[in-house]
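Novice: Compute the structure for the input listed below.
(one chain, ligands or ions: 2)
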Amino acid sequence: MLKVEGVSKVYGGERRGFFGRAPEVAALRDVSLALRRGESFGLVGESGSGKTTLTRCLLRLEEVSAGRILFEGEDIARLSPAGLRALRARVQIVFQDPYASLNPRLSIAEIVTEPMEIHRARLGLDARARRDRAAELLERVGLGPQHLGRFPHEFSGGQRQRIGIARALATAPDLLILDEPTSALDVSVQAQVLNLLHDLQQQMGLTYFFISHDLGVIRYVCDRVALIYRGQLVEEGEAEALFRAPRSDYARSLLAAMPDPDPDLSPFR
Ligand SMILES: Nc1ncnc2c1ncn2[C@@H]1O[C@H](COP(=O)(O)OP(=O)(O)OP(=O)(O)O)[C@@H](O)[C@H]1O
Ligand SMILES: [Mg+2]
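Specialist: Ligands and ions are numbered 1, 2, ... in the order given. Take a look at the predicted model:
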């Protein structure tokens, strides 16, 4: 469904004043990977390793410096404006921080219907149908229609993340990018949100691109995993194989630092 071929991304280098240029940062170096429909693919790496940069390139919020990204076989750099709109409906993102990612001035109804308005030509829903769908999505994520008129500050972190998930599902996407979706949450709430994500994946046939620096979470959630270090992939493969027999020193050092996880408890298995 999604193919990343030899992608590099360099930030900076633009002129500053008469003499200088902004220093260059190679955020991604020759990254290649492929996501299959219906799988849960994990990307693990420490802070600053290029994870968010890659997701921004996937949504074409950034242009790649080299290489290409194919979505359903089409190079996203060559999409027409209509093709790009379709990409942004079909690929949605859930952000790390549920406190920063919901506009505090909008009601929950407005937050969840907004993507349906942006993509109304594609979805073909009138205002009434959009509100009905918002109520239905809230139920799917464990909230309800009674929450439609409320505002973000009235919800806990876990509930806000559920609202963020409902919003991401509003355009009926195929691929959900989850950029550290649980790292701002308490451990007990983390498990509930991960269970919800698991159920939604089963019910809706979603493909997940799951970003985390937490190998425990990745082990709980992912079928396949790639490790990224300073912008380069250092290891990629089946999650079980990586945890059983890591090949790279980086994987071994990450595993050594990992608190004893229990993957048998995972709903994703
Ligand atoms: N807009 C930008 N301009 C310049 N450099 C940037 C920009 N965005 C990111 N970088 C740099 O690119 C590198 C990768 O950043 P990125 O945000 O992708 O890391 P990350 O893996 O998502 O980290 P974290 O786990 O902290 O979210 C970092 O060195 C960062 O400073
Ligand atoms: Mg990031």
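Novice: Enumerate every residue touching Q92.
Specialist: If you count contacts by CB atoms under 8 Å, 6 or more residues apart in numbering, Q92 has them with 115, 168-171, 173, 175-177. Heads up, the C-betas are built off the backbone N, CA and C, glycines and all.
Novice: what does R56 give?
Specialist: E62.
Novice: at 10 Å what do you get?
Specialist: Contacts here follow CB atoms under 10 Å, 6 or more residues apart in numbering; on that basis R56 touches 9, 27, 62-64, 93, 177, 179.
Novice: Please apply the same query to E154.
Specialist: Under the contact definition (CB under 10 Å, 6+ apart), the residues listed for E154 are 108, 147, 160.
Novice: swap in I177?
Specialist: Shown here is I177, whose contacts under the criterion CB under 10 Å, 6+ apart are 2, 43, 52, 54-56, 58-59, 91-95, 168, 207-211.
Novice: Phi, psi for it please.
Specialist: Dihedral pair for I177: phi -90, psi 120, per degrees, to the nearest 10.
Novice: Any buried residues in the helix or strand hosting E139, and which?
Specialist: Taking DSSP states H and E as the criterion, E139 maps to helix 127-140. The neighbour-count criterion (16 or more other CB atoms under 10 Å) identifies 130-131, 133-135, 137-138, 140 as the buried residues of helix 127-140.
Novice: still on that earlier bit, of all the contacts of E154, which comes closest to R252?
Specialist: Here the nearest of these to R252, counting by CB to CB, is R160; it sits at 36.3 Å.
Novice: Give the closest residue to that closest one in space, chain neighbours not counted.
Specialist: What sits nearest to R160 in space, not counting adjacent residues and going by CB to CB, 6 or more residues apart in numbering, is P98, at 3.5 Å.
Novice: quick one: the one you found and ligand 2, what's the gap?
Specialist: The spacing between P98 and ligand 2, counted by CB to the ion, to the nearest Å, is 15 Å.
Novice: Just the element for that residue, please.
Specialist: Assignment of secondary structure by DSSP H and E places P98 within no helix or strand.
Novice: who does the closest residue to ligand 2 within the stretch 101-250 of the chain bridge with?
Specialist: In the stretch 101-250 of the chain, the residue found nearest to ligand 2 is D179; the distance is 6.0 Å by CB to the ion. Beta-bridge partners for D179, by DSSP bridges, are I211.
Novice: what's the burial count for it?
Specialist: Taking other CB atoms under 10 Å as the neighbour definition, D179 ends up with a count of 21.
Novice: ok now do it, which residues does it touch?
Specialist: Taking CB under 10 Å, 6+ apart as the test, what D179 contacts is 43, 51-52, 54-56, 93-97, 101, 209-212.
Novice: Would you mind listing what in this structure touches ligand 2?
Specialist: For the chain, the residues in contact with ligand 2 under the definition CB under 5 Å from the ion are 51-52.
Novice: give the contact list for the closest residue to ligand 2 within the chain.
Specialist: Using CB to the ion, the point where the chain gets nearest to ligand 2 is T52, with a distance of 3.1 Å. When contacts are counted by CB under 10 Å, 6+ apart, T52 touches 27, 62, 95-96, 177, 179-180, 211.
Novice: and those as JSON lines, adding distance to Y220 and pLDDT?
Specialist: Formatted as JSON lines, these follow (distance: CB to CB, whole Å; pLDDT from 0 to 100):
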{"residue": "A27", "distance to Y220": "27", "pLDDT": "95"}
{"residue": "E62", "distance to Y220": "29", "pLDDT": "93"}
{"residue": "F95", "distance to Y220": "20", "pLDDT": "88"}
{"residue": "Q96", "distance to Y220": "17", "pLDDT": "86"}
{"residue": "I177", "distance to Y220": "18", "pLDDT": "96"}
{"residue": "D179", "distance to Y220": "17", "pLDDT": "93"}
{"residue": "E180", "distance to Y220": "14", "pLDDT": "91"}
{"residue": "I211", "distance to Y220": "14", "pLDDT": "94"}
